[in-house]
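In: All I have is the shape, not the residue letters:
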């Protein structure tokens, strides 16, 4: 989005300049001064004609031509025409209102640009700040806290899987390898990460093992109401993954029957069981943030999550920041002996023949042992 804004900003500025220039040219035009100049021109023309009439250097005859009106009559008609074009007072009031409105908009835009520059663009994106109702300022340092934990508590060769928005931050502040970063030239690799996030945990585990992923980092804003988290970006992950893997990922599967993207009970079952949903809302359904809302209330989307009770099979929670803004999970190593789930355990039951003692003619070993005699080899009877 930032790159799109940078690309379109020059075009928008040029169009805005042309628009304001046309408006000011139309309504700042001084018609009274123009009428005054025209009247002075008529007076000078009349005076010059009188001087020519007094001149003695005249020809004895004139060439044939059209008869013209007397100059005084022409000046009178021109004067009446000029004065008739004088606008009324209502038009002058309208001009004043429009000019004042344009100047007010330009002044407000200057104030807005100054505020945006000082608040949005002058602070680092890894530190979030907001103002409370009493005017005090609160700083959220979850990003830097999570990157510091990654730097100090993970191996140097650890690979972190996250969405590409945080690739440069992880590489620069945590000094860890990421699968994708802000250099989005490899669209197929980004699509593979999006496929892992949009798949179930078991299918995503296969992708993560193929990519040698050690940790997974997600951004979750449901605790504090941060709207720029990965759940709100999730549809872009699905769309990019669908472009490269249309047989496995389909965007329509993540909408409910009404065509809405929801995380509550009315949400799609595919969405409620995908990896991104589980990593974002793991253990979140057990917390009640306020006595006025039930447990598992998402402040960013203003709804109660639909899937609260679930466990992670192939990942384990490694770190969660103070405000739950950054969550890091460790990918479990595969087991030496893979345990088959009980639902998949199928055994063939063979019907054994019933035991019949009368038909058993075989001799036992203990009961048929011969008597032991010293100096003689024992033999079975």
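Out: Nice, I can see it. Here the structure is a predicted model, which is why all the values come from computation and not from measurement. Numbers count the residues shown, from 1 in each chain.

In: Domain map for this protein?
Out: Listed domain ranges for the chain are 8-44+89-122, 143-331 (source: automatic domain parsing).

In: Kindly report which one of the ones you listed carries the lowest mean pLDDT.
Out: Among the domains of the chain, domain 8-44+89-122 carries the lowest mean pLDDT, a mean of 80.

In: Distance check, the spatially most central residue of the chain against residue 136.
Out: Note on the chain: the residue nearest the mean C-alpha position is residue 233, at 4.8 Å, using Cα atoms, centre = their mean. Relative to residue 136, residue 233 is positioned 30 Å away (Cβ to Cβ, to the nearest Å). Where C-beta positions appear, they are placed from N, C-alpha and C, glycine not excepted.

In: the helices in this structure, which residues?
Out: 2-27, 31-54, 71-84, 89-119, 142-153, 167-169, 187-198, 201-210, 234-244, 269-272, 275-281 (DSSP state H).

In: Point out the one among the ones you listed that comes closest to residue 307.
Out: helix 269-272 (4.2 Å; Cβ to Cβ).

In: Outside of the closest one itself, list whatever touches it.
Out: 253, 254, 261, 263, 277, 306, 307 (Cβ atoms under 8 Å, 6 or more residues apart in numbering).

In: ok, of those residues, which come out buried?
Out: With neighbours counted using 16 or more other Cβ atoms under 10 Å, these contain these buried positions: 254, 261, 263, 277, 306, 307.

In: Next up, the contacts around the third one.
Out: Listed by Cβ under 8 Å, 6+ apart, the contact set of residue 263 reads 231, 271, 272, 277, 281, 298, 301, 303, 305, 306.

In: ok, now with 7 Å
Out: Neighbour list for residue 263: 231, 298, 301, 303, 305, 306 [criterion: Cβ atoms under 7 Å, 6 or more residues apart in numbering].

In: right, and the last one touches residue 273 too?
Out: No. Residue 306 lies out of contact with residue 273 (Cβ atoms under 7 Å); the separation is 10.3 Å.

In: ok so, going back, strands - which of the contacts of residue 263 land there?
Out: 298, 303 (DSSP state E).

In: and the contacts of residue 263, which are buried?
Out: If we count by 16+ other Cβ under 10 Å, the contacts of residue 263 have these buried: 231, 298, 301, 303, 305, 306.

In: Which of those sits closest to residue 181?
Out: Closest to residue 181, out of all of the buried ones among the contacts of residue 263 and judged by Cβ to Cβ, is residue 231, at 21.0 Å.

In: any idea how far the closest residue to the closest one other than its chain neighbours lies from residue 244?
Out: Of all residues not flanking residue 231 in the chain, residue 280 sits nearest, at 5.6 Å (Cβ to Cβ, 6 or more residues apart in numbering). Computed as Cβ to Cβ, the residue 280 to residue 244 distance reads 23 Å.
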